[in-house]
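Could you look at this predicted model? Sequence included:
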Amino acid sequence: MAVAQVTLGSSSVTTTPLGLGANAVGGVNLFPNLKDETGIEIVQAALDNGIQLLDTAFVYGLGHSEELIGKATAAYKRDTFQIADKAAQDLSSGEMVVSNRPDFLKRSVDEALTRLNTDYIDVFYIHFPDADTPKAEAVGALHDLKVAGKIRAVGVSNFSLAQIEEANQDGYVDVVENQFSLLHQDARADVMPYLAERNISFVPFFPLASGLLTGKYTADTDLNFGEGDIRSGMDDFKQPRYSQILTAVDSLAPLAAAHKASIAQLVLAYYIANPQVSVVIPGAKRPSQVEANAQALQVSLSEEEYAAIEKAFSAFAA
Ligand SMILES: NC(=O)c1ccc[n+]([C@@H]2O[C@H](COP(=O)([O-])OP(=O)(O)OC[C@H]3O[C@@H](n4cnc5c(N)ncnc54)[C@H](OP(=O)(O)O)[C@@H]3O)[C@@H](O)[C@H]2O)c1
């Protein structure tokens, strides 16, 4: 079944409402590394199952995620998938410094194009705000790259509402990528109203709360994730919040069963149906997870079901 496409902001980019978060593909910043072959298979599983937006960043393996995406997509027609990429980490001094300087952003895009083995990047985000570059100047540099055809849409990520407003002074911001999930709903009252008013698309990160919203965790799950795994430090995986989350997630089981879907598919269908979410980008550590997540595109929720999912997580509303 053909999936309706979404348009990102005022750009010409159209894509599927379900993407792939490629942090685990070649990345070592949030989780221990996967094998390169697994990363490539994850990307190809996405493209083979109707998922078009691949969300990566320089910092995911310091360019390695981008390289693996370049390899994984080499045999696919370029206009059948979209790449979202990010930069803000400048290593040129020998240390990692957050930079939004126009010259740094322009160099980052050129270098990313080489690693991705492509002529253009569909969405390019400033990954994190720096302390001193005027935001409109930084976004202006991405706008120049858009006019030059090197990128097709301008994004910012991890920007507060005030920072987004400053960055969007000239109306150049097409997409914002910030954290949002049924467990972390601050964006709802915070950035979402502004974005909706300005026709800026919203792409939430950590949509499955690092796997917690898939329904696979129980009171008995071993929560020792080991060194280098971001879940080890997350409050969501600590009591008493962990038990509250399990109760809310488990309450979705009857609705998931009614749709012959998994809880993960039901949760992803909720984001796809959410008018304030443009593209949901769940991550994956195995191709089978991507294949399963792609099936969320076939789950259609009634208004009552959508409201019931929100109600199940009302304790986590901002
Ligand atoms: N802009 C930013 O600063 C920023 C920050 C963070 C993330 N992101 C983006 O957002 C994406 C999503 O974040 P994320 O991947 O960390 O978190 P997530 O989407 O909330 O969780 C993904 C994890 O859930 C588990 N999972 C996924 N599908 C599953 C399924 N069908 N069944 C069971 N388990 C499943 C996998 O982990 P296990 O198998 O280990 O359980 C997977 O790695 C990233 O990949 C990245 O592209 C952006």
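Alright, I've got the coordinates.

and Leu195, how many neighbours does it have?
23 (other C-beta atoms under 10 Å). To be clear about C-beta, it is placed using only N, CA and C from the backbone, and glycine gets the same treatment.

Also the one 10 residues further on?
Burial measure for Phe205: 19 neighbouring residues, criterion other C-beta under 10 Å.

who's in contact with it?
For Phe205, the contacting residues are Gly21, Ser157, Glu177, Asn178, Gln179, Phe180, Ile281, by C-beta atoms under 8 Å, 6 or more residues apart in numbering.

Which one of those residues is nearest to the ligand?
Gly21 (2.3 Å; C-beta to the nearest ligand atom).

That closest one: neighbour count?
If we define neighbours as other C-beta under 10 Å, then Gly21 has 25 of them.

Next: Ala57.
When neighbours are counted by other C-beta under 10 Å, Ala57 registers 25.

contacting residues for the closest residue to it other than its chain neighbours?
Excluding its sequence neighbours, the residue lying closest to Ala57 (C-beta to C-beta, 6 or more residues apart in numbering) is Lys86, at 3.8 Å. By C-beta under 8 Å, 6+ apart, the residues touching Lys86 are Thr56, Ala57, Phe58, Val59, Phe124, Tyr125, Ile126, His127, Gly155, Ser157, Glu177.

tell me the phi and psi of the residue in the chain that the ligand sits nearest to?
Closest residue of the chain to the ligand, C-beta to the nearest ligand atom: Gly283 (1.8 Å). Dihedral pair for Gly283: phi -90, psi 170, per degrees, to the nearest 10.

Now do the same for Met1: its pLDDT.
We have a pLDDT of 59 for Met1.

Give me every residue in this protein lying close to the ligand.
Residues of the chain lying close to the ligand by C-beta under 6 Å from any ligand atom are 21-24, 30, 55, 157-158, 177, 205-211, 214, 216, 264, 281-285, 289, 292-293.

from the residues you listed, which would you call buried?
Buried subset of the residues of the chain next to the ligand (neighbour count, 16 or more other C-beta atoms under 10 Å): 21-24, 30, 55, 157-158, 177, 205-211, 214, 264, 281-285, 289, 292-293.

host element of the residue nearest to Ala57?
strand 82-87 (DSSP states H and E).

Identify the neighbouring strands of that strand in the sheet and state each direction.
Strand pairing for strand 82-87, determined by DSSP bridges: strand 53-55 (parallel), strand 123-126 (parallel).

mind checking how far it is from the chain centre?
Remark: strand 82-87 is offset 10 Å from the chain centroid, using C-alpha atoms, centre = their mean, to the nearest Å.

can you check stretch 108-124 too?
18 Å.

Between its first and last residues, how far does it reach?
10 Å (C-alpha to C-alpha, to the nearest Å).

that older thread, with pLDDT as extra columns, can I get the contacts of Phe205 in CSV?
Shown next, in CSV, are these (pLDDT from 0 to 100):
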residue, pLDDT
Gly21, 97
Ser157, 98
Glu177, 98
Asn178, 98
Gln179, 97
Phe180, 98
Ile281, 98
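
Turn those residues into JSON lines, columns for secondary structure.
Below are the contacts of Phe205 laid out as JSON lines (DSSP: H, G, I helix; E, B strand; the rest coil):
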{"residue": "Gly21", "secondary structure": "strand"}
{"residue": "Ser157", "secondary structure": "strand"}
{"residue": "Glu177", "secondary structure": "strand"}
{"residue": "Asn178", "secondary structure": "strand"}
{"residue": "Gln179", "secondary structure": "strand"}
{"residue": "Phe180", "secondary structure": "coil"}
{"residue": "Ile281", "secondary structure": "coil"}
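
Tell me the one of those nearest Lys135?
Using C-beta to C-beta, Ser157 comes nearest to Lys135 of the contacts of Phe205, at 12.6 Å.

Kindly provide the whole-number mean pLDDT of the longest helix anywhere in the chain.
Longest helix in the chain by number of residues (criterion: DSSP state H): helix 102-116. In this model, helix 102-116 carries a mean pLDDT of 98.

name the helices or strands packed onto that helix?
Applying 3 or more C-beta pairs under 8 Å, 6 or more residues apart in numbering; DSSP states H and E, we find helix 102-116 packed against helix 64-72, strand 82-87, strand 123-126, helix 135-147.

for the ones you listed, which one ends up most surrounded?
Compared across the helices and strands packed on helix 102-116, strand 123-126 shows the largest average neighbour count, a mean of 28 (mean count of other C-beta atoms under 10 Å).

which outside residues touch it?
Outside strand 123-126, the residues touching it (C-beta under 8 Å, 6+ apart) are 8, 11, 13, 57, 82-88, 100, 105, 109, 112, 138-139, 142, 145, 151-157, 159, 167, 174-175, 177.
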